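Enquirer: Sharing a sequence plus its predicted fold:
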Amino acid sequence: MHSNAASPGDTVGIARMAANSMKLKEKQSAEYFLLPTHSILNPCTSPRLPFRWTINPYRGCEFGCKYCYARYTHEFMGLDDPLDFEEKIYSKQDAGKILRRELARDPAGEIALGTATDPYQPAERLYGTTRAILETLNEFRGLRVSITTKSDLIMRDIPLLREFARENHLRIHLTITTLREDLARLLEPRAPRPELRLKAVRALADAGIHVSVFAMPVLPEITDGHGELEMLAERAAAAGASYLAVNVLFLQPSAKAAFLPFLKEQFPHLMLRYERLYSSGPYLRGDYERQLQERVAALRAKHGLNGRSDDTVLQPFAARSQLTLFAGG
């Protein structure tokens, strides 16, 4: 039995909204809810990140990635079980209308879509919240927007994205952590297969849309093999990606609660190794990260994945992207 949100009388703020949310639909193990919200644009105040605003159309993500850092965001709604994040999915109500009002105030700075939950997760096929947001964005000119996803569903919106890119600055990031389908199914049990994501990269590039591949996170001794990263760089380039970025797994307490039992079950021989690696904190710094970034820089140069001039912002982002990217709203 997984935890439920607290009763409405015991909650405040976003937790009260979650407790009062109208249940929409059950699909397999996931439950879907409409979440009233006051804001779609969430400020990102970190000077180390290349965007000023974040948009997350959904709270929770059905893909169920074992390493997901964003599970803690459900705790704001009184949902403390790590599995609640992938089983209780909240769609932000009237997102397009609220965003239109906020954009009318002319916010400056880049907007990052999909920093805490995937904007093209299965709920999007049901409710179209991301589509409504994109339609609103397309009413404006001179915006700077990036979208990060693991889903080939983004191909549905290529005509809209291409139209948006004519008058705005747009970058798409497809996350591909491994090309091995059996491993991807273990790590990301309900996310589209790697080949489908590469197909999306190809379709976006063919449409003239700037697309990068994010190998995030890299899992030590699981997805960090030189041959594996080499193949990923080669396939990304062949699909038309213009940039490749990586960063290393980090484990906040809520992520640990889901990842370590998975590691013990699937990779028990690595338990002691991970305990040592992350004994001093959630971030893996030092020689490992430096050597990984050097390897990937060489792969970018070899396969022509150094991108355009505006990709320079991605380099610090790649090393620090899994900071606190979530803001309530």
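Expert: That came in fine, so what should we check first? Values in this document were obtained by computation on a predicted structure and should not be read as measured data.
Enquirer: switch to C-alpha atoms for all contacts and neighbour counts from now on
Expert: OK.
Enquirer: wait, is residue 98 part of a helix?
Expert: Yes: assessed with DSSP: H, G, I helix; E, B strand; the rest coil, residue 98 lies in a helix.
Enquirer: The helix or strand hosting residue 236: what's the following helix or strand?
Expert: Using DSSP states H and E, residue 236 falls within helix 226-239. Per DSSP H and E, the first helix or strand lying C-terminal to helix 226-239 is strand 243-248.
Enquirer: for that next one, the distance to its chain's centre please.
Expert: 13 Å (Cα atoms, centre = their mean, to the nearest Å).
Enquirer: Would you mind getting the angle between it and helix 226-239?
Expert: 150 degrees (axes from the mean of the first three to the mean of the last three Cα atoms, to 10 degrees).
Enquirer: Could you point out the helix or strand that follows strand 243-248?
Expert: Later in the chain than strand 243-248, the nearest helix or strand by DSSP H and E is helix 253-266.
Enquirer: Now that following helix: buried residues?
Expert: 254, 255, 256, 257, 258, 259, 260, 262, 263 (16 or more other Cα atoms under 10 Å).
Enquirer: swap in stretch 293-308?
Expert: For stretch 293-308, the neighbour count (16+ other Cα under 10 Å) marks 293, 296, 297, 299, 300, 303, 304, 305, 306, 307 as buried.
Enquirer: Secondary structure class of the second one, three-state.
Expert: This means residue 296. With three-state DSSP as the criterion, residue 296 reads helix.
Enquirer: how close does it get to residue 245?
Expert: 8 Å (Cα to Cα, to the nearest Å).
Enquirer: What is the nearest of the buried residues of helix 253-266 to residue 138?
Expert: residue 255 (34.9 Å; Cα to Cα).
Enquirer: Tell me which residues touch the closest residue in space to the closest one that isn't next to it in sequence, please.
Expert: Leaving out its chain neighbours, the residue that sits closest to residue 255 by Cα to Cα, 6 or more residues apart in numbering is residue 69, at 5.2 Å. Going by Cα atoms under 8 Å, 6 or more residues apart in numbering, residue 69 touches 250, 251, 252, 254, 255, 322.
Enquirer: okay if I get the buried residues of stretch 293-308 as JSON lines plus secondary structure and pLDDT?
Expert: As requested, those are arranged in JSON lines below (DSSP: H, G, I helix; E, B strand; the rest coil; pLDDT from 0 to 100):
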{"residue": "293", "secondary structure": "helix", "pLDDT": "96"}
{"residue": "296", "secondary structure": "helix", "pLDDT": "97"}
{"residue": "297", "secondary structure": "helix", "pLDDT": "97"}
{"residue": "299", "secondary structure": "helix", "pLDDT": "97"}
{"residue": "300", "secondary structure": "helix", "pLDDT": "97"}
{"residue": "303", "secondary structure": "helix", "pLDDT": "98"}
{"residue": "304", "secondary structure": "coil", "pLDDT": "97"}
{"residue": "305", "secondary structure": "coil", "pLDDT": "97"}
{"residue": "306", "secondary structure": "strand", "pLDDT": "93"}
{"residue": "307", "secondary structure": "coil", "pLDDT": "86"}
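Enquirer: Kindly tell me how buried residue 181 is, as a neighbour count.
Expert: The tally of other residues near residue 181 (other Cα atoms under 10 Å) stands at 14.
Enquirer: That one contacts residue 191, correct?
Expert: No: with contact defined as Cα atoms under 8 Å, residue 181 does not count as touching residue 191 (10.8 Å).
Enquirer: For stretch 185-200, list every residue counted as buried.
Expert: Buried positions in stretch 185-200, judged by neighbour count with 16+ other Cα under 10 Å: 185, 187, 188, 189, 190, 191, 192, 193, 194, 197, 198, 200.
Enquirer: now the helices for the stretch 51-200 of the chain?
Expert: 84-87, 95-103, 123-127, 129-137, 158-167, 181-187, 194-206 (DSSP state H, counting those that start in this stretch).
Enquirer: who touches the fourth one?
Expert: Surrounding helix 129-137, the residues in contact under the criterion Cα under 8 Å, 6+ apart are 57-58, 91-92, 95-97, 99-100, 119-120, 124, 157, 160-161, 164.
Enquirer: and with 10 Å instead?
Expert: Contacting residues not belonging to helix 129-137 are listed as 40, 55-58, 91-101, 103, 113-114, 118-121, 123-125, 128, 138, 143, 145, 154, 156-157, 160-161, 164, 168 [Cα atoms under 10 Å, 6 or more residues apart in numbering].
Enquirer: are any of those buried, and which?
Expert: 40, 55-58, 91-96, 98-100, 103, 113-114, 118-121, 123-124, 128, 138, 143, 145, 154, 161, 164, 168.
Enquirer: can you tell me how far the closest residue in space to residue 153 that isn't next to it in sequence sits from residue 215?
Expert: Excluding its sequence neighbours, the residue lying closest to residue 153 (Cα to Cα, 6+ apart) is residue 120, at 6.0 Å. For residue 120, the distance to residue 215 equals 18 Å [Cα to Cα].
Enquirer: same question, residue 138
Expert: For residue 138, the distance to residue 215 - Cα to Cα - is 29 Å.
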